[in-house]
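Chemist: sequence-free structure coming up:
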């Protein structure tokens, strides 16, 4: 096991990694921007190093500064968390050149799966269905229009190097396609320094189901079952749960086997997630892979009893998985609500400012992953996530009841949050029935 690592991230995921390190006896160094200078989790690390101003380009996305921090603090490895540089293969290559271990997959796997076009080709070779679409990056809007006419509207434009909903647009006709193409191109270039786009047929009323995998250096690749992430707004997840309601045992097994097959084909090592879309008939199609820990990983930890972040560290340090597939079971039901500093009544506008009131929920079966405290100031420079509220119970009905109770207890102010919206979602009859899809939020709110 490593003796000392650097955490190249902020917020709740930085705190989550610190906690994993503490339990493993690993020292941790945390980098921070000037905007995060007073973050409480910095005091829990063995060392904290300022790497620049609030602007992410000058701090959390600044590779030379992060590498310098790693070198002067004498760490053996870097954990990227999620977002920022977590899926940047160039960063991984620089870590390798500097003889610093990267806690995640190899850059070769990251290149292969991070490029959505190449990932589609890998899926096809692995006999995993993909949504009809382009087999290469689309050169321009004219080519996109021709392809859309061929596969049929509606279509979805995606950033080839993208993730997290960035660079994604839905088009229902040629006019909207041409407008969406330019805006997606601009966003992709800004977010990923890569403006390449590709097209897929947009599956209306589809469900978004992803599979968590773990793989070690010997090729032992396991799935930790699925998570349903269908409740989204503008491709940003709001509520996730596991097991996915409405999946038959047969579909669940085939879905998880497909994810393992893809991971093995990519030579994948460490924790990763393979995402699928399910149509109205529960036929699934590979969508993309996330070569990092996911925001929603806690619900998988709750139902399997497996600490994913600790296993990221163990695998990166060369340890082999001491698990067999038959030993990994889904015990009970878990739900996660993302609590964001946003105003749902004002088109989900981000809300920055000081949090004066912060009363977290508790009780049996409740987990809150959050770096926030009374007096914490939400910066306009970063993601609006305040925390992830997670519940775990024996049945889905019990989990829903527990989450409703926890949301009722949770108080945050004066900034606007998504707590109220989550309460409404949890009481909606369609959610209770498990009959929601990726368009449910837009149709209902």
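Modeler: Arrived safely, thanks for sending. Fair warning: this is a prediction, and the values are worked out from it, not measured in the lab.

Chemist: which strands and helices sit next to whichever strand or helix holds residue 302?
Modeler: Using DSSP states H and E, residue 302 sits in helix 297-304. Other helices and strands packing on helix 297-304, by 3 or more CB pairs under 8 Å, 6 or more residues apart in numbering; DSSP states H and E, are strand 221-233, strand 236-242, helix 308-316, strand 333-340, strand 366-370, strand 385-393. The way it works is simple: take the backbone N, C-alpha and C, and place the C-beta from them, glycine included.

Chemist: hmm, try it at 6 Å
Modeler: If you count contacts as 3 or more CB pairs under 6 Å, 6 or more residues apart in numbering; DSSP states H and E, helix 297-304 packs onto strand 236-242, strand 333-340.

Chemist: with mean neighbour count and mean pLDDT as new columns, can those strands be given to me in TSV?
Modeler: Conversion of the helices and strands packed on helix 297-304 to TSV gives the following (neighbours: other CB atoms under 10 Å; pLDDT from 0 to 100):
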stretch	mean neighbour count	mean pLDDT
strand 236-242	24	97
strand 333-340	25	98
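
Chemist: to residue 193, which of those lies closest?
Modeler: strand 236-242 (21.2 Å; CB to CB).

Chemist: neighbouring contacts of the closest one?
Modeler: Contacts to strand 236-242, defined as CB atoms under 6 Å, 6 or more residues apart in numbering, come from residues 165, 227-229, 231, 296, 299, 303, 334-338, 425.

Chemist: ok, now stretch 216-226?
Modeler: The contact list for stretch 216-226 (CB under 6 Å, 6+ apart) reads 209, 211-215, 244, 256, 259-260, 263-264, 269, 300, 304, 315, 320-321, 323, 325, 328, 330.

Chemist: could I get the helices and strands packed on helix 297-304 in TSV, plus columns for distance to residue 114?
Modeler: Formatted as TSV, the helices and strands packed on helix 297-304 follow (distance: least, CB to CB, whole Å):
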stretch	distance to residue 114
strand 236-242	19
strand 333-340	23
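
Chemist: residue 346: which of these is closest?
Modeler: Closest of the helices and strands packed on helix 297-304 to residue 346 is strand 333-340, at 12.9 Å (criterion: CB to CB).

Chemist: parallel or antiparallel, list what pairs with the closest one.
Modeler: Paired with strand 333-340 in the same sheet, following DSSP bridges, are strand 236-242 (antiparallel), strand 385-393 (antiparallel).

Chemist: quick one: closest of the ones you listed to residue 30.
Modeler: Counting by CB to CB, residue 30 lies closest to strand 385-393 out of the strands paired with strand 333-340; the figure is 17.5 Å.

Chemist: next SSE downstream of the closest one?
Modeler: helix 396-409.

Chemist: got a list of what residue 227 touches?
Modeler: Applying CB under 6 Å, 6+ apart to residue 227 gives the contacts 210, 240, 242, 296.

Chemist: tell me the bridge partners for it.
Modeler: Here residue 227, judged by DSSP bridges, has bridge partners residue 210.

Chemist: could you measure from residue 96 over to residue 89?
Modeler: Look at residue 96 and residue 89: by CB to CB, to the nearest Å, they are 10 Å apart.

Chemist: name the residue in those two with the higher neighbour count.
Modeler: Between residue 96 and residue 89, counted using other CB atoms under 10 Å, residue 89 has the larger neighbour count: 22 against 13.

Chemist: so who does the more buried one touch?
Modeler: By CB under 6 Å, 6+ apart, the residues touching residue 89 are 107, 110-111.

Chemist: by neighbour count, which of those wins?
Modeler: residue 110 (26 neighbours).

Chemist: do I have it right that that residue meets residue 291?
Modeler: Yes: with contact taken as CB atoms under 6 Å, residue 110 and residue 291 are classed as touching, separated by 4.8 Å.

Chemist: now the element after the helix or strand harbouring residue 119, going C-ward?
Modeler: Assigned by DSSP H and E, residue 119 belongs to helix 116-125. Sequence order places helix 141-151 as the next helix or strand after helix 116-125, per DSSP H and E.

Chemist: what average pLDDT does the next helix or strand after that following helix get?
Modeler: Scanning forward in sequence from helix 141-151 by DSSP H and E, the next helix or strand is strand 155-159. The pLDDT scores in strand 155-159 average 93.
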